[in-house]
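Asks: For reference, the sequence and a predicted model appear below.
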Amino acid sequence: MTDLLTLSGVHTHIGRYHILQGVDLTVGEGEIVSLLGRNGVGRSTACKAIMGLLPPVGRITFKDRPIAGLRPDQIAHAGVGYVPEDRQVFPALTVRQNLELGLKRAGVFGRWKLDDVFALFPNLGARQDNPAGVLSGGEQQMLTMCRTLMGDPDLVIIDEPTEGLAPKLVEQVGRLLDEIARRGTAILLVEQKLTTALRTSRRLYVMGHGRIVFEGTPAELKANETVRKEWLEV
Ligand SMILES: Nc1ncnc2c1ncn2[C@@H]1O[C@H](COP(=O)(O)OP(=O)(O)OP(=O)(O)O)[C@@H](O)[C@H]1O
Ligand SMILES: [Mg+2]
């Protein structure tokens with residue numbers, strides 16, 4: 001599998017805090033990789049460093065091209081989609097307008113059309129002409145994920161998509177992840193809980209205190225009680 005995204009020796013400082021302390025990570029073309037870890041270990045910081053939202057030290061490449069130091073919009077344009085933790089919709093715009101804002105160029109669709117989104121999430125279709133502000137919290141989360149997909153990324157970084165969702169919506173997120181992968185888009189999934197990550201990922205990383213402390217397959221992580229006890233379970 002060809003590497004799509006690589007991080008080697010990535011460090012990040014926020015103020016006087018040394019948050020990421022030498023992170024190595026790769027995501028292959030079309031691969032689903034999860035980044036797991038407890039609260040505060042640096043998972044979101046890693047996402048922001050990749051997206052150019054925090055100045056990283058070290059090497060980050062995407063499609064063999066160095067991207068560390070580029071602006072967030074340049075990194076997005078190169079094909080990296082990002083769904084941050086603090087998902088936000090434009091409440092006064094309609095559902096459809098929110099989705100259209102995700103397009104790289106107005107009116108130009110890639111792998112994802114509006115109808116694909118509405119087929120996966122009929123609730124969004126039924127409310128496509130309503131302001132996004134009337135959607136439930138869970139539906140707004142789906143909308144922000146779908147808006148990112150409208151930009152036709154080759155890799156999408158999704159920070160805790162199931163956080164705070166009811167089981168039924170967690171299932172829907174799982175189906176969306178499957179569908180993203182089916183279309184050949186790679187995913188870097190950040191999660192705390194293992195359920196979704198173990199089901200969908202081919203490979204997982206566990207982060208502890210700004211470093212990668214485990215890398216392996218879901219089966220290897222299941223079998224490794226030490227890592228689970230020390231770095232994941234609360
Ligand atoms: N702006 C900031 N100023 C100071 N410290 C920060 C700042 N942002 C993050 N940190 C610290 O960096 C560490 C990593 O934060 P990060 O948001 O990456 O964690 P996380 O793994 O995503 O966990 P969670 O999402 O549960 O908070 C935490 O200890 C946090 O307190
Ligand atoms: Mg976080």
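Replies: Cool, got the structure. Ligands and ions are numbered 1, 2, ... in the order given.

Asks: hey, let's count contacts and neighbours off CA atoms from now on
Replies: Noted.

Asks: before we move on, which element is G9 in?
Replies: Using DSSP states H and E, G9 sits in strand 3-14.

Asks: cool, and D24?
Replies: Using DSSP H and E, D24 falls within strand 17-28.

Asks: Show residues contacting that strand.
Replies: Strand 17-28 is touched from outside by 1-13, 33, 42, 45-46, 186-188, 205, 209-212, with contacts defined as CA atoms under 8 Å, 6 or more residues apart in numbering.

Asks: Next: stretch 213-231.
Replies: By CA under 8 Å, 6+ apart, stretch 213-231 touches G37, R38, L198, R199, S201, R202, R203, L204, Y205, V206, M207, G208.

Asks: if we can go back for a sec, relative orientation of the strand holding D24 and strand 3-14 in degrees?
Replies: Calculated by axes from the mean of the first three to the mean of the last three CA atoms, to 10 degrees, strand 17-28 forms an angle of 180 degrees with strand 3-14.

Asks: Parallel or antiparallel, list what pairs with strand 17-28.
Replies: Strand pairing for strand 17-28, determined by DSSP bridges: strand 3-14 (antiparallel).

Asks: Give the buried residues for the strand it pairs with.
Replies: Within strand 3-14, the residues that count as buried by 16 or more other CA atoms under 10 Å are L4, L5, T6, L7, G9, V10, H11, T12.

Asks: now it, how far from the centre of its chain.
Replies: Relative to the chain's own centre, strand 3-14 is displaced by 15 Å; criterion: CA atoms, centre = their mean, to the nearest Å.

Asks: Equivalent analysis for stretch 104-122, please.
Replies: Its chain's C-alpha centre and that of stretch 104-122 lie 18 Å apart, by CA atoms, centre = their mean.

Asks: Over to Q192: give its phi and psi.
Replies: When read as degrees, to the nearest 10, the backbone of Q192 gives phi -110, psi -40.

Asks: what do you get for the one 5 residues further on?
Replies: Reported as degrees, to the nearest 10, the phi and psi values for A197 are phi -60, psi -40.
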